[in-house]
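>>> Sequence and predicted structure, then a few things I'm wondering about:
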Amino acid sequence: MKRNKIIAIIVVILVGIIVIAQSAYVIKETEQVVITQFGKPIGDPVTEPGLKFKAPFIQTANYFEKRYLEWDGDPNQVPTKDKKFIFVDTYARWQITQPLQFYKRLTNERGAQSRLDDLLDGETRDAVASHDLVELVRNTNRQAETSGKISELIEDSLADINVGRKKIQDMVLETANKQAEDLGIKILDFRFKRINYVENVRKRVYDRMRSERIRIADKFRSEGQGEASRINGKKERELNQIQSEAFKEAEKIRGRADAQAANIYADAYNQSRNSQKFYEFTKTLETFRKTFDTSTTVIFSDKSELYKYLQTIE
C-alpha cells in the first residue's frame, strides 16, 4: 500500500512537471511570440520578454525574431531601358513588425523569404527596365576636372543623371513596402550589391573602354610632345643668344688685349719710327704665315695695308 502511494506521488509529480513544461515558456529580448491553439492564432502577440504561460498541450508558442533580418537576392539578367543586358545582384534588410499578421500571411521566415524573392525581384526588374544603365551605376552628375581638348574627350562619356542609383533604390524600397503592408513586415533598406554586364558583352565593353583610354592617353602624349618641342626650341634660342653674346664679349676683350699688346710691343721698340715700322712689318708677316699657304690666291686693293708690304718686297 505504501509502495502504491509512493508511485502515485511520483506520477503526480511527473505529470505536474510535464504540465508546467508545456504551459510555461520564456521569451528573450530578441523574440516575440504568437500563441496558436490547434493551429489557429489566439489573442494578441506577446512581445515583452520574460516567463510566460499558456494552456498546455493544446496551445503552441510560435517564436519570431524582433531583430533585423537579411534578404539576399539571386543575381538576375535584366535588360535596361537602353537595351543593355546586365546582371543585377541585390540585398535588403527587413523586420517583422506585426507578428500576428506575419503568422497569418507568411507563417514563418522561410515563407517571408520566398515572398520577398517575388516582391523585390519583380520591383528590381521593373526599376532596371525603366532606366538607362548610367542611371543605375551613378548617383550624380560629374564634371571633368581637366581643361582644353582633353576635357572634351572625357566629357563625351559623362551623361547627365536625372534620377541616379540612390533614388532608384529608394523607389524600389517604397514600392515594395506598399505591397508588403499587409504581410506584417517592413523592408528597412534595399541596395544594389553588384551590377555587371553579362559575359558575352563584357569583353566588348572592356575593349571599348580600353580604346577610349588609349585615345585619351595618346592625346595627352601628343600635347606633351608638342610642349616639349616648344620648350626645347626656346632653350636652343636662349642658348644660341647666350653663346653669341659671350662670343661677342670675348672678341671685344680679345681686341682690347691685342691693342694693349700692340702698345706694349711699341713701347718695347722704344716707340721709334723705324721700330714701329719693323713691328708692323713683322706682324704683317705673321699674318701672312697664319692666313695664306702655297695654294692660296688673294686679291688686294692698292689701298690695303697688306698690299703695301708686298709692293715693297717686289
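Arrived safely. On a predicted model such as this, the values are computed, not experimentally measured, just so you know.

>>> what are the phi and psi values for E29?
For E29, the backbone dihedrals (degrees, to the nearest 10) come out as phi -70, psi -20.

>>> what residues does the helix or strand hosting L14 touch?
According to DSSP states H and E, L14 maps onto helix 2-23. Contact partners of helix 2-23, identified using CB atoms under 8 Å, 6 or more residues apart in numbering, comprise F53, K54, A55, P56, F57. Where C-beta positions appear, they are placed from N, C-alpha and C, glycine not excepted.

>>> just for the stretch 1-150 of the chain, where's the confidence low?
1-2, 12, 15-16, 19, 21, 142-150 (pLDDT under 70).

>>> in the stretch 101-250 of the chain, which spans are strands?
For the stretch 101-250 of the chain, the strands defined by DSSP state E, counting those that start in this stretch cover 185-197.

>>> Could you check how far the helix holding L14 is from the centre of its chain?
Distance, stretch centre to chain centre, for helix 2-23: 73 Å (CA atoms, centre = their mean, to the nearest Å).

>>> what about G43, distance to I18?
The gap separating G43 from I18 is 23 Å, by CB to CB, to the nearest Å.

>>> same check, this time on L106
Here the distance between L106 and I18 works out to 32 Å (CB to CB).

>>> Give me the more crowded residue out of the two.
Regarding L106 and I18, a neighbour count based on other CB atoms under 10 Å identifies L106 as having more, with 21 against 12.

>>> thought the more buried one was touching A112?
Yes. Using CB atoms under 8 Å, L106 is in contact with A112, at 4.6 Å.

>>> tell me, what's touching these two both at once?
The contact lists of L106 and A112 share L183, I185, where a contact means CB under 8 Å, 6+ apart.

>>> biggest helix in this structure by residues?
The single longest helix within the chain, with elements called by DSSP state H, is helix 199-268.

>>> what mean pLDDT does that one have?
Averaged over helix 199-268, pLDDT sits at 83.

>>> Kindly report the same for stretch 169-188.
Mean per-residue pLDDT for stretch 169-188: 93.

>>> could I have that stretch exported to PDB, CA atoms only?
The C-alpha coordinates for stretch 169-188 follow below in PDB (Å, rounded to 0.1, in the frame of the first residue of the first chain):
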ATOM      1  CA  GLN A 169      16.900  52.100 -54.800                       C
ATOM      2  CA  ASP A 170      14.600  54.300 -52.800                       C
ATOM      3  CA  MET A 171      11.800  53.900 -55.400                       C
ATOM      4  CA  VAL A 172      12.200  50.100 -55.200                       C
ATOM      5  CA  LEU A 173      12.100  50.300 -51.400                       C
ATOM      6  CA  GLU A 174       9.000  52.500 -51.300                       C
ATOM      7  CA  THR A 175       7.000  50.400 -53.800                       C
ATOM      8  CA  ALA A 176       8.000  47.100 -52.200                       C
ATOM      9  CA  ASN A 177       6.900  48.400 -48.700                       C
ATOM     10  CA  LYS A 178       3.500  49.400 -50.100                       C
ATOM     11  CA  GLN A 179       3.000  45.800 -51.300                       C
ATOM     12  CA  ALA A 180       4.200  44.400 -48.000                       C
ATOM     13  CA  GLU A 181       1.900  46.400 -45.800                       C
ATOM     14  CA  ASP A 182      -0.500  43.500 -45.100                       C
ATOM     15  CA  LEU A 183       2.300  41.000 -44.600                       C
ATOM     16  CA  GLY A 184       3.300  42.100 -41.100                       C
ATOM     17  CA  ILE A 185       6.800  43.100 -42.200                       C
ATOM     18  CA  LYS A 186       8.700  46.200 -43.100                       C
ATOM     19  CA  ILE A 187      11.600  46.400 -45.600                       C
ATOM     20  CA  LEU A 188      14.100  48.700 -43.900                       C
END
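
>>> Please spell out which residues along it are buried.
Q169, M171, V172, L173, T175, A176, N177, A180, L183, G184, I185, I187 (16 or more other CB atoms under 10 Å).

>>> Generate a markdown table for the residues you listed, with distance to D82 as supplementary columns.
Compiled in a markdown table, these are given as follows (distance: CB to CB, whole Å):
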| residue | distance to D82 |
| --- | --- |
| Q169 | 19 |
| M171 | 18 |
| V172 | 19 |
| L173 | 24 |
| T175 | 22 |
| A176 | 24 |
| N177 | 28 |
| A180 | 30 |
| L183 | 34 |
| G184 | 39 |
| I185 | 34 |
| I187 | 28 |
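
>>> closest to R254 among those residues?
Proximity of the buried residues of stretch 169-188 to R254 (CB to CB) peaks at Q169, which lies at 84.3 Å.

>>> Which strand residues bridge the closest residue to that closest one other than its chain neighbours?
Excluding its sequence neighbours, the residue lying closest to Q169 (CB to CB, 6 or more residues apart in numbering) is F190, at 5.5 Å. Applying DSSP bridges to F190 gives these bridge partners: A92.
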